[in-house]
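Trainee: This is a predicted model, with the sequence first.
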2 protein chains.
Amino acid sequence: MKALSEREQEVMNIIWELRNCCVEDVVSRLPDDPKPAYTTVQTFMRILEQKEFLAHKRDGKKHIFYPLVEKPEYTRWSLKHMKDNLFGGSAKSLLNTFIRDSELSDSDILELESLLEELKR
Amino acid sequence: MKALSEREQEVMNIIWELRNCCVEDVVSRLPDDPKPAYTTVQTFMRILEQKEFLAHKRDGKKHIFYPLVEKPEYTRWSLKHMKDNLFGGSAKSLLNTFIRDSELSDSDILELESLLEELKR
DNA sequence: ATTTTCCTACTAAAAGATTAGGATTTGGAA
DNA sequence: TTCCAAATCCTAATCTTTTAGTAGGAAAAT
């Protein structure tokens, strides 16, 4: 697994949501920042296919793309990467920083507590 | 604040640890992956200075570098970035994924529980 | 005093990320 | 079956990141 660049991740996020989509679907969901050209998006999808994050099948004259790597798989990898690079491999230390900074609501805290309870068993 | 590239972060991690250091100090702590050339590291430190992550003072013929941005400041920013880009801005969702994946020990869990207790007040 | 060493400043090139124009293909309508 | 609009394919320019060589100057060694 290799880290995605900013744009690649933006494209993958859309594809993870849509599951099966063509280039036009992705373009139409990108914000006007400005919106990149159709062929630009197409290039990213080709690259993501080379990196084996995507594959496609044909439907008439269109290519329908779909994810090969699932989002949870990537987010896990990505969090581990951050843990190793910024927190010396310590999950506890990452959690400490993040929990303190996140301004969790009381109900969020209760939910986390019951998640922790569950993990003890 | 702007994201650091892989190499930039590697350099900053060393400088955050050493606090005050010259180019040579950083070079000597980089692993042989292979180890980059002295001038390469120097270039990164110049760039990090342009980006205002570092500054330097003179000591004889050497430059002594020191951080302007502190590590906790950057890790916070970085976690927020990940939360927004991969978890749709939801801290709860990031925590859920991370806690489940982290294989926490029982004592880690107890520590987190008391941290959460503390936050309720 | 001259050579060597060490450090910085400058320059630039290779590799990767981002962007998009123009040529080509093709599915399906007429 | 011929033709067109729509989509892909190919190519390349630009920007960022990563890499390192060379020149110059100051201090240290001989």
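Mentor: Looks like it came in fine.

Trainee: C-alpha from now on. contacts and neighbour counts both.
Mentor: Fine.

Trainee: Strands along chain A, start to end?
Mentor: A:54-59, A:62-67 (DSSP state E).

Trainee: and the last one, anywhere near DNA strand D?
Mentor: Yes. Contact of strand A:62-67 with DNA strand D is found when judged by Cα under 7 Å from any atom of the strand, involving A:62, A:63, A:64.

Trainee: Most neighbours among these, which one?
Mentor: Neighbour counts for the residues of strand A:62-67 next to DNA strand D peak at residue A:64, which has 17 neighbours (criterion: other Cα atoms under 10 Å in any protein chain shown).

Trainee: quick one, what contacts it?
Mentor: A:20, A:21, A:22, A:56, A:57, A:58 (Cα atoms under 8 Å, 6 or more residues apart in numbering or on different chains).

Trainee: which of these lies closest to residue B:109?
Mentor: The nearest member of those to residue B:109, counting by Cα to Cα, is residue A:20 at 39.4 Å.

Trainee: For residue A:68, see how far away the closest one is.
Mentor: 11 Å (Cα to Cα, to the nearest Å).

Trainee: Check residue A:55 too.
Mentor: Distance from residue A:55 to residue A:68, counting by Cα to Cα: 6 Å.

Trainee: The two - which one has more neighbours?
Mentor: residue A:55 (18 against 14).

Trainee: which residues does the more buried one bridge with?
Mentor: Applying DSSP bridges to residue A:55 gives these bridge partners: residue A:66.

Trainee: Model confidence for it, exactly?
Mentor: Looking at residue A:55, its pLDDT stands at 98.

Trainee: Now that it has come up, it's in contact with residue A:69, right?
Mentor: No. At 9.8 Å, residue A:55 does not count as touching residue A:69 under the criterion of Cα atoms under 8 Å.

Trainee: Among the contacts of residue A:64, name the buried ones.
Mentor: Among the contacts of residue A:64, those classed as buried by 16 or more other Cα atoms under 10 Å in any protein chain shown are A:21, A:22, A:56.

Trainee: quick check: mean pLDDT across stretch A:109-121?
Mentor: Here the average pLDDT along stretch A:109-121 is 94.

Trainee: Kindly report the same for stretch A:9-27.
Mentor: Mean pLDDT, stretch A:9-27: 98.

Trainee: Okay, buried residues for that stretch please.
Mentor: Those would be A:9, A:11, A:12, A:13, A:14, A:15, A:16, A:21, A:22, A:23, A:26, A:27, for stretch A:9-27 by 16+ other Cα under 10 Å.

Trainee: Same check on stretch A:86-105?
Mentor: Buried residues in stretch A:86-105 (16+ other Cα under 10 Å): A:86, A:87, A:91, A:92, A:94, A:95, A:98, A:99, A:104.

Trainee: Quick check, pLDDT for the last one.
Mentor: Taken from the predicted model, the pLDDT recorded for residue A:104 is 95.

Trainee: Check the third one too.
Mentor: Model confidence at residue A:91, given as pLDDT, is 97.

Trainee: so how far is residue B:85 from the nearest residue to residue A:78 once chain neighbours are set aside?
Mentor: Nearest residue to residue A:78 in three dimensions, chain neighbours excluded: residue A:3, at 7.4 Å (Cα to Cα, 6 or more residues apart in numbering or on different chains). Noted for residue A:3: a distance of 13 Å to residue B:85, by Cα to Cα.

Trainee: And those two? Which one has more around it.
Mentor: residue B:85 (15 against 11).

Trainee: now the helices: where do they sit in chain A?
Mentor: Listed in chain order, the helices of chain A (DSSP state H) span A:6-18, A:23-29, A:38-50, A:71-86, A:91-101, A:106-120.

Trainee: so which of the ones you listed comes closest to DNA strand C?
Mentor: helix A:38-50 (3.6 Å; Cα to the nearest atom of the strand).
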